[in-house]
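Asks: Could you look at this predicted model? Sequence included:
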Number of protein chains: 2
Amino acid sequence: MQSVDVADRITAEDLRGVWSALHPDERVEAFRMLNPEDGDDFFQALTAIDQAEIIHELTPGERRLWMRFLAPDDAADLLQQVPGEERSALLELLDDSARREVKALLAYAEDEAGGLMSPRFARIRAEMTVDEAIRYLRRQIQTHLETIYYAYVLDAEQRLTGVVSIRELFAGRGDMPVADVMQRSLVSVLDTMDQEAVAKLFAQHDLMAIPVVDAEGRMKGIVTVDDIVDVVQEEATEDIQKIGGMQALDAPYLQTGFLPMLKKRAGWLSALFIGETLTASAMAHYEDEMQRAVVLALFVPLIISSGGNSGSQASTLVIRAMALGEVHLRDWWRIIRREVSFGLALGAVLACIGLVRILIWQALFQTYGPSYVRVTFTVATSLVGVVLWGTTCGSMLPFLLRRMGFDPASASAPFVATLVDVSGLVIYFSVAQFMLGGILV
Amino acid sequence: MQSVDVADRITAEDLRGVWSALHPDERVEAFRMLNPEDGDDFFQALTAIDQAEIIHELTPGERRLWMRFLAPDDAADLLQQVPGEERSALLELLDDSARREVKALLAYAEDEAGGLMSPRFARIRAEMTVDEAIRYLRRQIQTHLETIYYAYVLDAEQRLTGVVSIRELFAGRGDMPVADVMQRSLVSVLDTMDQEAVAKLFAQHDLMAIPVVDAEGRMKGIVTVDDIVDVVQEEATEDIQKIGGMQALDAPYLQTGFLPMLKKRAGWLSALFIGETLTASAMAHYEDEMQRAVVLALFVPLIISSGGNSGSQASTLVIRAMALGEVHLRDWWRIIRREVSFGLALGAVLACIGLVRILIWQALFQTYGPSYVRVTFTVATSLVGVVLWGTTCGSMLPFLLRRMGFDPASASAPFVATLVDVSGLVIYFSVAQFMLGGILV
């Protein structure tokens, strides 16, 4: 049921398909080939970064047209993507009232309620009857409201006193005053509230829109649930990138320049590398043991990576459960008990596999020398210890980070692995000294 | 603006705060202490798993009340969480028409459009005038529609012929036929479409709701954008858990039992372990070299973890960019070119840090013996090689997995690390043989 395409037109569908592969000037060229209705739809659904790129390439006349096409909150998002001097020039293209609205929105940070909201909401007065309110809404419709799903009841000072859904208005008797059908107890957020907290409120209350008020209780706008989809995607992207062991990019992968990207990756990678140099020190400490029994060195990567992998599982699980509000700081004791059990169980599983593997290789190739039984048990015991240590560190690190005011998502797989690598070596060589003392080392 | 709490009542806010720490019977007890309005709101916003748990603990009378309270799509989600025999008993509690609706929804998989949709949408006929349509909608309101934001225009065979938003109805002249104000070209989805694809459509078209039709074009229900928030969270959770090196849980962390959780973690962990045993083989291959120059063994963890960490960054970036639709299969060549550059740059950064670190330690403690210059260059060169190899493997593995029909998110940090560990050892010891040949090894 997509609209029909004329011979020399391309469809929005086609363009979306190839978008990522096009250069900015090709994008504009293709964008101009969309039929007008598709063009509106397509432009509206682009990210603010892509919109800014298109606007930059357009002629002055087109630029004016598209800037005026955008809703004020979308226009503000776009302007936040362009440098200062271009921003003022684009602001000039708007009509007076839109420019005022957009400027007010630009005062907010992108990631707070004020930066998310639309100032165009449906407002009514408590003294109106239901029929008057519906007629009044029908008139406001002409000004392109963000949604008319809810109508907000404001007093003379613009303070929010209640809300009524369009459904309730429709269901109400026509001659009843709005004051009698509106809900007085309602969820609202401060304009400075963080967007992640706003998203949690939506999830908790199953709402389509939440009103935004300033510190004096005056209503400034509404955040609608479709904005929350973007917030949720954004926050998940940030967490995933942190879990991958880097700083969050804040822009699409292909649109991040070489140097900014290098900075965001090199920082964590260097920190992890410096942490990991401790493994060289730990290894140096056991150099004599390895000199006497080089067979011990063979299992170092296997042992430490097992600790890192089990730690990565545990930290990822806890980070996500925290982000979804399933796990809170005070749950740490429940989590550590669970993860100690998992550490023991998972360690036992790996120890068994390791045991079988070494015995088979020994039988086939005599790889591990005459003391292979003791070597086998050293490896198996170390595996249980290292995996247990991995799940414990991995699950507790997000708690520690949050307690200290950092983002728990920074407890990335590589971070946990680095932490566990050094201690894993100490566990392994200590077990070796105990098991093989006087025989090999 | 939260509602006031009576002395012996607790507020929904309080209960949400402690929910994760409560046992099922404590949850029900606390839930009963909410005042009725809060209770409705609270129950509605719970996950289907939590709702099923509450329902299970309630008295038959309460159970009937709450089952009838739920919208058909929410009731179907709940029923999908309970075992077969309990499911039929709960179905019996619904009235006839609701039971029919819920049964129809239960026929769909949870993660397809049919499983997401609500069958209660606003329907009008093309022949009605705008005023008639508004009056007709006002009457349908009584039956608890999911949303009246859009009214769908159906023909006599229930086939979808157009859509009109409530805003357009309000803006239209009262005596115009609906056929003249409705949009005929509209986005709809098949009832069997995967929920992730549905979420992408919402993002592409900036819609509040999408109609769901069956293979014959008959309209079956609507998916609203608030359902999409949950889909997006769910899909991100699955990806994050896979990136952490395990199977996705499909349930909250604290509500997943010991054995199911163990299975989901032990599987990947064992597979990675078996892959990692190749490092022991690779190390055994270079046993003679290490025997002669045990100093080489000291840097093994540092070298291989650097490859793993840079690979983890690259794979995470690509996985997320793919999930967001920023990067497609055909972009692989652009990505590999970028990631080779990043690999070289990041490798150079780490090589410099490593060089400085070894030279300082050598000056202070003479740790690395007389051939320390050659050792230093072996480590530095290997770092560039291993990091380059890490970013290349890390960025290409998601492409390879998707190409083979697997989920790219399975290219987890631990998976990439394991892959790079084995090859990293080969790179390191090859460089060592070349650099130190005839001198140390």
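Replies: Yep, it's here. Numbers count the residues shown, from 1 in each chain, chains lettered A, B, ... in the order given.

Asks: how near is the residue lying closest to residue A:22 once chain neighbours are set aside to residue A:54?
Replies: Excluding its sequence neighbours, the residue lying closest to residue A:22 (Cβ to Cβ, 6 or more residues apart in numbering or on different chains) is residue A:30, at 6.5 Å. All C-beta spots, glycine's among them, are computed from the backbone N, C-alpha and C. For residue A:30, the distance to residue A:54 equals 10 Å [Cβ to Cβ, to the nearest Å].

Asks: ok, now residue A:400?
Replies: In terms of Cβ to Cβ, residue A:400 sits 45 Å off from residue A:54.

Asks: Please apply the same query to residue A:278.
Replies: From residue A:278 to residue A:54 the distance is 50 Å (Cβ to Cβ).

Asks: more neighbours, those two?
Replies: residue A:54 (20 against 17; other Cβ atoms under 10 Å in any protein chain shown).

Asks: my guess is that one is in a strand, correct?
Replies: No: using DSSP: H, G, I helix; E, B strand; the rest coil, the assignment for residue A:54 is helix, not a strand.

Asks: got a list of what the residue nearest to residue A:22 touches?
Replies: Applying Cβ atoms under 8 Å, 6 or more residues apart in numbering or on different chains, we find residue A:30 in contact with A:10, A:15, A:18, A:22.

Asks: Next, residue A:216: secondary structure please.
Replies: coil.

Asks: since we're on it, how many residues are nearby?
Replies: 8.

Asks: repeat for the one 3 residues further on
Replies: Using other Cβ under 10 Å, residue A:219 has 23 neighbouring residues.

Asks: Thought residue A:155 was touching it, still the case?
Replies: No: using Cβ atoms under 8 Å as the test, residue A:219 is too far from residue A:155 to be in contact (9.9 Å).

Asks: The lengthiest helix in chain A and chain B, any residue contact?
Replies: Among the segments of chain A that qualify as a helix by DSSP state H, the longest is helix A:332-365. Yes: counting by Cβ under 8 Å from any Cβ of the partner chain, chain B has neighbours in helix A:332-365: A:334, A:338, A:341, A:342, A:345, A:346, A:349, A:350, A:353, A:354, A:357.

Asks: need those in JSON lines with distance to residue B:58, can you?
Replies: Below are these laid out as JSON lines (distance: Cβ to Cβ, whole Å):
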{"residue": "A:334", "distance to residue B:58": "25"}
{"residue": "A:338", "distance to residue B:58": "28"}
{"residue": "A:341", "distance to residue B:58": "31"}
{"residue": "A:342", "distance to residue B:58": "33"}
{"residue": "A:345", "distance to residue B:58": "35"}
{"residue": "A:346", "distance to residue B:58": "37"}
{"residue": "A:349", "distance to residue B:58": "40"}
{"residue": "A:350", "distance to residue B:58": "44"}
{"residue": "A:353", "distance to residue B:58": "46"}
{"residue": "A:354", "distance to residue B:58": "49"}
{"residue": "A:357", "distance to residue B:58": "52"}
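
Asks: Out of these, flag the one nearest to residue B:262.
Replies: Proximity of the residues of helix A:332-365 next to chain B to residue B:262, judged by Cβ to Cβ, is greatest for residue A:345, which lies at 5.6 Å.

Asks: on that earlier part again, show me what counts as buried in the strand or helix carrying the residue nearest to residue A:22.
Replies: Using DSSP states H and E, the element containing residue A:30 is helix A:24-32. Neighbour counts over helix A:24-32 (16 or more other Cβ atoms under 10 Å in any protein chain shown) mark A:27, A:28, A:30, A:31 as buried.

Asks: I'd assumed residue A:57 was in contact with the second one.
Replies: The one in question is residue A:28. Yes: Residue A:28 is in contact with residue A:57 according to Cβ under 8 Å; the separation is 4.1 Å.

Asks: In terms of secondary structure, what does the helix or strand hosting residue A:319 contact?
Replies: Assigned by DSSP H and E, residue A:319 belongs to helix A:300-323. Identification of packing neighbours for helix A:300-323 by 3 or more Cβ pairs under 8 Å, 6 or more residues apart in numbering or on different chains; DSSP states H and E yields helix A:225-243, helix A:332-365, helix A:372-403, helix A:413-436, helix B:225-243, helix B:258-285, helix B:300-323, helix B:413-436.

Asks: ok, back up a step: adding neighbour count and distance to residue B:132, write the residues of helix A:332-365 next to chain B out as a markdown table.
Replies: Compiled in a markdown table, those are given as follows (neighbours: other Cβ atoms under 10 Å in any protein chain shown; distance: Cβ to Cβ, whole Å):
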| residue | neighbour count | distance to residue B:132 |
| --- | --- | --- |
| A:334 | 13 | 59 |
| A:338 | 20 | 61 |
| A:341 | 15 | 65 |
| A:342 | 24 | 63 |
| A:345 | 19 | 66 |
| A:346 | 28 | 66 |
| A:349 | 20 | 68 |
| A:350 | 27 | 71 |
| A:353 | 18 | 72 |
| A:354 | 25 | 76 |
| A:357 | 18 | 77 |
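
Asks: could those residues be laid out in TSV, adding pLDDT?
Replies: TSV is the format used below for those (pLDDT from 0 to 100):
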residue	pLDDT
A:334	91
A:338	93
A:341	94
A:342	95
A:345	95
A:346	95
A:349	95
A:350	94
A:353	94
A:354	92
A:357	88
